[in-house]
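Enquirer: sequence first, then the predicted structure:
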Amino acid sequence: MARRYDALVVNCSTAEEDENNPSNRQLTRIPPTIYPKQNVEIGTERELLIGKPNLIPDKVNVVLAELIYKLFMEPHHHSHNHPRTNPYLPPQKRYSRHRNFWVFQLNQFRHWWKTSRLLVRLSGAYCWNMVAENWDLIAMLDVTRRKQLKQAIRSEKAIGRGGYAHVFLASVHPYTRTLRIVLAVCRAWEARVDHRFYEVGLAEGFAFLGNRCFRYWSRDFVDWVGRFIALPLSGAFLQPHLEVQNRPVIITLGLMRALLPFAMSFQGSRFGRQLTYNTYRNANYRWRPTMSIMHFHEKSGNYQPIALDAQLLSLARAVAEAIGHGKDPDLTRTNLAAIGFHVFGSGTGGYSVYCKTEDKCKILLNCTPYGPSILDEMPRFILLERRAHFYSDRLHDQCDATILDAATPREAKIRGFTYSGAFFSHQEWAALTSRHDEELADYANACRIQGTWAMPEHKRYPLLSKQPSPPTDLASLKAFIRNGRQTFKQWIDDRRWREVEREVHKMAKQIARYQKSGKAPKRVILYLEGLDCAGKSSTGLLICNALQRCGYDVQIAQHNRPPTPEQRNKPWMDRSRFQYPDDMYDQDSEPPDYAALVWDRGPVGDFVYGNLDKLSFEEKMQHYKEFREYDYNCRHNDVLFFKCFFVTDRDKIAATLGKRLAHKKIAQDLKVWLDANSSISHAHEGLNEILLHIDPTDFIAFNHYEENLHRFSSVVRNTDIVGHVGGQANGPIHYRNPWLVINTSNRHAARLSMMARFRGKLDDFAVPFGEEKPPTIFSKLRGSRHEHGLEERYDSKYVPDDIVEKAERGVSWQVIIQSIMLLLLFLLYLRYAWKFGIDDITKS
């Protein structure tokens, strides 16, 4: 009989004792050398010693050797967890499937099995047609007669089912369904790492329902087409002129009945899976490609973040900044000592342990180099553990304290990677390294096939491709790397760029049309603001491309530096710092008819990267008012002020950092390439820009992602409503220029949506200043926030941070509609597969 005690108790007596003696069944008290207090209740001793239950025999007193065995040698004890020098699993990107080798092979086998079943079905149909009786029968059917039309439909179905192989295909259905269910469970189980178990599980379930329903619909569609369209037309036009009458049409319909469900099953799976993901996204108010700041849920993001201990997470980021580049071990130890971590031990392979002592706990830092290095900087895998100060305060013998302390479970722990002063979770580090390795692999492949017949002719020669080879700047480098990608990825890139090009052309045509009518803005300010590595330049400059096609002179003003002392003595929004397009030209030169200016960062950045966030509440409100007045004056002076706030998730920022690190390494290689065996000196300005495209401040900003996002959002919310400023009357507010929040986690969708929003902004600008744009049917159905009095309520007032969460909570209409669609999909599956309908529910 076993008994669960709250503690292990040490008996240091070496004398033999009779286990039949009843007194031996009692627990022996701890000697004074281990626990100083005497006359303490046994239950109190148990509670003080070890807080985790342990299973020990009822009649055996545990000696010290057995205690050591229990703590250090017994299997499945938490002291025998995975070693602290490596992660449990290799880092994997978020949303990645089939991470396990066997799950990947199971998915490959499922696809092979699915294709094999199709081949068996087609071979069975072939054998059915090769039977002379069947072959002659379908040639003699007169589909103009009702009974023979039904016989033709039955023959078509027999061909579509696989002929004589139909029995075999029906017998393997249970195996096929079981294979699908096992794979769905494996996919959901793997998604537990990303906290997406239920989301992926439901998505896989509805993917199966969509698969089956689309199969049923495709078969019914082929039967309907054959009964009411194909066979009647064949009987009217082909049957009188062909000796075999309707045989070709019947065979074609049979093959369609075999092939179409196979093709539609993929679309059905995609429909059910994507519908589930969209429902989850809308239910959690996750970010859309573009949205207004009053629909932007700051803490929702694109995915559910993994809950980590807040204290350890903040400490992990401080540790990452202390480690920095990590090239100097002495400097690393000094920086860690400055935040309280002192060397506690070390091991082989660069492994080291640091300890930090706090009031009621101690924190252990396990730090291990995690190769390979990136640009001569070695990443680190770190593990932070917080443990209570329990035994060190109560035990005199440090050896005994160490033994008992090994049995204590950790209160909290956090794992991750550090590089160049930034802390990355497993998914974020996987996003960085994967993108870094992909860029380098594509560059190496592009170098391998350069100028060979493996490249298309229009890319093979520099004169035809109009791109320098080797590349000399960022644009040509991106095009060069794109040539080294896999063929299907190049097809995807080309298709996406064609879509972007069509949208740019559409935008240029609209601008040209307004230029002819005199309603186009002659001055445009494109304000690009947001997080670092959010794709501001590559996404925002697509609008500049359309403006340049229409004759606009586009210039760029960099506002990513702190103001000069002269600018500090002037008003914050003074035009000497934040210019109009005309301010970019000298007094001697005449500005062009159409001019545009791009602000790469601007006044909002002063609140994030400057010291304006430390101002008092009254001073902040005064700055917000200055910005709104500047916005109003732009419209009063016929300047289109298009404000874009770029956001993205941490995984996408990590991937962008990996891409820029790869580009930096490639630029170093290109410098050697250009100067090799050359008798002339090459200009490296473009390559130097690539080298400066990433610096340590980008990694430090990654550590402060949440803080920077909150600061940006707060300023954007308080400058979104222009209100009654700049001399506006106290009547209705006719000028509205809200911010456009652009989520570049999916950059292709963000680019298309941003250009569509800019075309809408051009329509708004075409309305004369001071007049109200008539509402559209869509805006009436959707409902406007201005109709709820939001502008009047927060006119020249502080907009609270939780305004969006309070206004948009509960279930939205999108979630209701999508949930109804999922329910209908489930009911349709029951109707098709199990012949279960609404009548059965009402009868029951």
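Expert: Looks like it arrived, so ask away. Numbering: from 1, shown residues only.

Enquirer: what about the nearest residue to residue 519 once chain neighbours are set aside, how many residues nearby?
Expert: Distances taken as C-beta to C-beta, 6 or more residues apart in numbering put residue 766 closest to residue 519, at 4.1 Å, once the chain neighbours are dropped. C-beta here means a position set from N, CA and C on the backbone, and glycine is covered the same way. Residue 766 sits with 16 neighbouring residues when counted by other C-beta atoms under 10 Å.

Enquirer: now swap in residue 707 and tell me
Expert: Residues within reach of residue 707, counting by other C-beta under 10 Å, total 12.

Enquirer: ok, residue 748 touching residue 496?
Expert: Yes. Using C-beta atoms under 8 Å as the test, residue 748 is close enough to residue 496 to be in contact (5.0 Å).

Enquirer: give me the pLDDT for the residue nearest to residue 519.
Expert: Residue 766 is assigned 89 on the pLDDT scale.

Enquirer: same thing with the one 5 residues further on?
Expert: In this prediction, residue 771 carries a pLDDT score of 72.

Enquirer: tell me if it really is in a strand.
Expert: No. Judged by DSSP: H, G, I helix; E, B strand; the rest coil, residue 771 forms no part of a strand; its state is coil.

Enquirer: count of residues packed around it?
Expert: Residue 771 has 9 neighbours, counted by other C-beta under 10 Å.

Enquirer: what of residue 342?
Expert: Other residues lying near residue 342 total 12 when counted by other C-beta under 10 Å.

Enquirer: and for the one 4 residues further on?
Expert: Taking other C-beta under 10 Å as the criterion, the count of residues near residue 346 is 12.

Enquirer: and it, what is it in contact with?
Expert: Residue 346 sits next to 352-353 when contact means C-beta atoms under 8 Å, 6 or more residues apart in numbering.

Enquirer: look up how far residue 240 lies from the residue nearest to residue 519.
Expert: Distance from residue 766 to residue 240, counting by C-beta to C-beta, to the nearest Å: 62 Å.

Enquirer: I'd like the average pLDDT over the helix ranked longest in the chain.
Expert: Residue-count comparison of every helix in the chain, with assignments taken from DSSP state H, identifies helix 247-283 as the longest. This predicted structure assigns helix 247-283 an average pLDDT of 94.

Enquirer: buried ones in that helix, by neighbour count?
Expert: Across helix 247-283, burial judged by 16 or more other C-beta atoms under 10 Å covers 247, 249-251, 253-262, 264-265, 268-269, 271-273, 275-277, 279-283.

Enquirer: cool, and stretch 638-653?
Expert: Buried-residue list, stretch 638-653, by 16+ other C-beta under 10 Å: 639-653.

Enquirer: for stretch 687-702, same thing?
Expert: If you call a residue buried by 16+ other C-beta under 10 Å, then stretch 687-702 has these buried ones: 687, 690-691, 693-694, 698-702.

Enquirer: so how far is that stretch off the chain centroid?
Expert: In this view, stretch 687-702 has its centroid 22 Å away from the chain centroid, taken as C-alpha atoms, centre = their mean, to the nearest Å.

Enquirer: which residues are contacting that stretch?
Expert: Under the criterion C-beta under 8 Å, 6+ apart, external residues in contact with stretch 687-702 comprise 321, 324-325, 419-422, 472-474, 477, 531-533, 650, 653-654, 657, 660-661, 663-664, 666-668, 670-671, 708.

Enquirer: and for residue 676, the neighbour number?
Expert: Close neighbours of residue 676, defined as other C-beta under 10 Å, add up to 7.

Enquirer: nope, residue 524 is what I was after
Expert: Under the criterion other C-beta under 10 Å, the count of neighbours that residue 524 has is 27.

Enquirer: which SS class is the nearest residue to residue 430 once chain neighbours are set aside?
Expert: By the measure of C-beta to C-beta, 6+ apart, the closest residue to residue 430 outside its immediate chain neighbours is residue 91, 3.7 Å from it. The three-state label given to residue 91 by three-state DSSP is coil.

Enquirer: surely residue 91 is in contact with residue 416?
Expert: No. Under the criterion of C-beta under 8 Å, residue 91 makes no contact with residue 416, lying 9.7 Å away.

Enquirer: any residues in contact with both of the two?
Expert: Contact criterion C-beta under 8 Å, 6+ apart; residues bridging residue 91 and residue 416 by contacting each: 426, 429.

Enquirer: compare neighbour counts for the two and give me the winner.
Expert: Taking other C-beta under 10 Å, residue 91 and residue 416 do not tie; residue 416 has more neighbours (25 against 20).

Enquirer: can you tell me which of the buried residues of stretch 638-653 end up in helices?
Expert: Under the assignment DSSP H, the buried residues of stretch 638-653 contribute 650-653 to helices.

Enquirer: format those as TSV; extra columns: pLDDT and distance to residue 164.
Expert: Below are these laid out as TSV (pLDDT from 0 to 100; distance: C-beta to C-beta, whole Å):
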residue	pLDDT	distance to residue 164
650	92	57
651	92	52
652	93	54
653	94	59
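
Enquirer: out of those, who's nearest residue 110?
Expert: Within these, distances to residue 110 taken as C-beta to C-beta reach their minimum at residue 651, with 28.1 Å.
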